[in-house]
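Chemist: Sequence isn't available, so here's the structure alone:
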């Protein structure tokens, strides 16, 4: 039963919940970026290149055929356009994460730079300060 108790303690920790939320939000962010790349970025790039639709940019290794039973056999292709689109997706997501981490690091540096309040003087320091002030007054 201790294994079950350990797992329960692990599962209800805040870090696990935070991680789960991050994964869910990250998945949704990935879908948004994929849509942004495929629906907004790639069409103008394809137009600039000469009307290329990246989804149809393939290198065919073997043409489609029909087998002896009369069923169609799909062609064997290397989907270069899909690879390019996925690479652009990755670059955008990686850049966004880089900027987020950079912003968090900057905030952390600013928090570290805030000077801490000096500690209260000890009794000895207070006494020495009083003695110094008395000596200054006598001069």
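Modeler: Cool, the structure landed. Small disclaimer: the values here were computed from a predicted structure and weren't measured. Residues are numbered from 1 along each chain as shown.
Chemist: which residues does the spatially closest residue to residue 77 that is not a sequence neighbour contact?
Modeler: Spatially, and ignoring its direct neighbours in sequence, residue 77 is nearest to residue 58 (4.3 Å; Cβ to Cβ, 6 or more residues apart in numbering). In short, each C-beta sits where N, CA and C put it, glycine included. Contacts were defined as Cβ atoms under 8 Å, 6 or more residues apart in numbering; by that measure residue 58 touches 77, 78, 79, 80, 81.
Chemist: so the first one touches residue 55, yeah?
Modeler: No. Here residue 77 lies out of contact with residue 55, judged by Cβ atoms under 8 Å, at a distance of 11.8 Å.
Chemist: What's the separation between residue 58 and residue 46?
Modeler: In this view, residue 58 and residue 46 are 14 Å apart by Cβ to Cβ, to the nearest Å.
Chemist: Repeat that for residue 125.
Modeler: With the distance defined as Cβ to Cβ, residue 125 ends up 74 Å from residue 46.
Chemist: So for the two, which sits in the more crowded spot?
Modeler: Here residue 125 and residue 46 are set side by side on neighbour count (other Cβ atoms under 10 Å), and the busier one is residue 46, at 17 against 11.
Chemist: you'd agree the more buried one is up against residue 56?
Modeler: No. Because the distance of 9.5 Å does not satisfy Cβ under 8 Å, residue 46 is recorded as not touching residue 56.
Chemist: Could you list the low-pLDDT ranges of this protein?
Modeler: Scanning the chain for pLDDT under 70 picks out 1, 14.
Chemist: Spatially central residue for it, please.
Modeler: Relative to the mean C-alpha position of the chain, the nearest C-alpha, by Cα atoms, centre = their mean, is the one of residue 97, at 3.1 Å.
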